[in-house]
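> One predicted model, sequence on top.
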Amino acid sequence: LHSQGLVEEPTTPVYNALMNTLISSGESGSIERAEALFSEMRIANITNTRTFNTLLKGYGMFERSRKDGRIISSSRPRKAEQLLDQMEFSYFSGGKTSVIRPDKYSYTTVISAYGRSNVKRKAAKSYEILHRMIDSFLEGNLAAKPGTFAFNAVLNACAHTRLPGERLEGFTILCSTLILLRDWAKPDHTTYGTFLQASSNLLPRDEAQKLRVVEAVFNSCVKEGQCGQMVVKNLKNVASPELYDALVGRFLTDDGLDIPLKWRRNVAGQDGFLATSFFDSE
């Protein structure tokens with residue numbers, strides 16, 4: 001319509017909204033169509049941070065079949081990282097006055113894209129992006145301040161590390177990330193639940209080192225009032241029967257586990273249980 005002179009030239013918000021609609025549809029080929037719009041915007045020099053973040057969102061998503069809901073392709077982390085490279089270059093080479101500035105959403109989305117992918121050493125790649133985020137903030141990009149969700153995304157990448165040769169590295173990154181998180185944010189119930197899930201996947205169930213770490217982490221979780229349903233479920237999967245009984249056995253009932261209110265007092269949501277959006281405001 002614009003080429004026919006029937007409407008005015010589309011603005012940045014219009015382009016961004018159309019890109020988001022395409023990506024959110026999940027239809028086959030929607031990412032490619034969004035990329036074409038992105039290219040038009042680059043040529044017209046009308047992109048902004050939201051433009052980049054919208055395409056990053058697409059690269060971080062699974063593509064599903066419209067008929068049966070099966071995943072037909074995984075996320076595209078390498079494309080996401082290349083886009084992040086462009087954002088960083090634009091911001092830091094432009095004297096930090098560029099309208100394109102990688103923010104916490106940008107970095108967290110790339111971390112999440114690696115976690116959802118099938119690439120090798122995705123835990124290490126996620127951890128690398130987290131440190132890029134920290135470096136960006138320390139270099140003056142205040143929009144990139146790491147929050148809980150960024151750290152949780154790295155933990156998620158560790159939890160979905162499946163290759164046997166990567167599991168020890170994944171467990172090391174898992175523990176390092178939890179330690180680093182405390183310098184920047186507060187762990188939440190998802191932090192602890194994902195940590196326990198990852199521990200279950202990365203080391204044998206009776207591994208003595210793992211059980212010591214699991215006990216210490218669960219005790220911290222209880223102390224901080226973040227013991228939600230996800231934590232309890234994953235504790236049962238990761239702990240030995242003896243450790244599970246020692247930690248929660250006295251609260252087992254015929255109907256299941258009666259979690260003390262004190263243990264879950266800081267879990268956001270109704271009755272101390274949470275359903276959170278990954279990119280909700282922190």
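Done, it's in.

> for the protein, where's the lowest mean pLDDT among helices and strands?
Lowest on mean pLDDT, DSSP states H and E among the helices and strands of the chain sits strand 71-73, with a mean of 52.

> what's the neighbour count on residue 251?
13 (other C-beta atoms under 10 Å). All C-beta spots, glycine's among them, are computed from the backbone N, C-alpha and C.

> Next, work out how far apart the nearest residue to it once chain neighbours are set aside and residue 249 are.
Distances taken as C-beta to C-beta, 6 or more residues apart in numbering place residue 258 nearest to residue 251, at 5.2 Å, with adjacent residues excluded. Plainly put, residue 258 is 12 Å away from residue 249 if you go by C-beta to C-beta, to the nearest Å.

> In stretch 180-190, which residues are buried?
For stretch 180-190, a neighbour-count test (16 or more other C-beta atoms under 10 Å) marks 180, 181, 184, 185, 187, 188, 189, 190 as buried.

> What strand or helix carries the residue minimising distance to the centre of the chain?
Taking C-alpha atoms, centre = their mean, the centroid of the chain lies closest to residue 153, which sits 2.9 Å from it. Counting by DSSP states H and E, the element that carries residue 153 is helix 148-159.

> So for the residue nearest to residue 251, what pLDDT did the model give?
Among the per-residue scores, residue 258 holds a pLDDT of 87.

> Can you report how many residues lie near it?
Quick note: residue 258 (other C-beta under 10 Å) scores 11 neighbours.

> Would you mind measuring from it to residue 188?
With distances taken as C-beta to C-beta, residue 258 is found 22 Å from residue 188.

> so what's residue 149 closest to, chain neighbours aside?
Nearest residue to residue 149, sequence neighbours excluded (C-beta to C-beta, 6+ apart): residue 108, at 5.4 Å.

> ok, the one you found touching residue 151?
No: using C-beta atoms under 8 Å as the test, residue 108 is too far from residue 151 to be in contact (9.3 Å).

> Relative to residue 233, which of the buried residues of stretch 180-190 is nearest.
When the buried residues of stretch 180-190 are compared for distance to residue 233 (C-beta to C-beta), residue 189 comes out closest, at 11.2 Å.

> What is the neighbour count of the residue nearest to that closest one when sequence neighbours are not counted?
Nearest non-adjacent residue to residue 189, counting by C-beta to C-beta, 6+ apart: residue 228, 3.8 Å away. Neighbour count of residue 228, defined by other C-beta under 10 Å: 25.

> ok, which stretches of the chain are helices?
Here the chain has its helices, by DSSP state H, at 12-25, 30-44, 49-59, 77-93, 104-115, 122-138, 148-159, 167-181, 189-202, 208-223, 229-238, 241-248.

> Mind putting those helices into a markdown table with mean pLDDT and distance to residue 263?
What follows is these, written out as a markdown table (pLDDT from 0 to 100; distance: least, C-beta to C-beta, whole Å):
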| stretch | mean pLDDT | distance to residue 263 |
| --- | --- | --- |
| helix 12-25 | 94 | 37 |
| helix 30-44 | 94 | 43 |
| helix 49-59 | 96 | 35 |
| helix 77-93 | 95 | 36 |
| helix 104-115 | 97 | 28 |
| helix 122-138 | 98 | 29 |
| helix 148-159 | 97 | 19 |
| helix 167-181 | 96 | 19 |
| helix 189-202 | 95 | 10 |
| helix 208-223 | 93 | 5 |
| helix 229-238 | 92 | 9 |
| helix 241-248 | 93 | 9 |
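
> Distance to residue 267 added to those, as JSON lines?
Below are the helices of the chain laid out as JSON lines (distance: least, C-beta to C-beta, whole Å):
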{"stretch": "helix 12-25", "distance to residue 267": "29"}
{"stretch": "helix 30-44", "distance to residue 267": "35"}
{"stretch": "helix 49-59", "distance to residue 267": "27"}
{"stretch": "helix 77-93", "distance to residue 267": "30"}
{"stretch": "helix 104-115", "distance to residue 267": "21"}
{"stretch": "helix 122-138", "distance to residue 267": "24"}
{"stretch": "helix 148-159", "distance to residue 267": "13"}
{"stretch": "helix 167-181", "distance to residue 267": "17"}
{"stretch": "helix 189-202", "distance to residue 267": "5"}
{"stretch": "helix 208-223", "distance to residue 267": "10"}
{"stretch": "helix 229-238", "distance to residue 267": "9"}
{"stretch": "helix 241-248", "distance to residue 267": "16"}
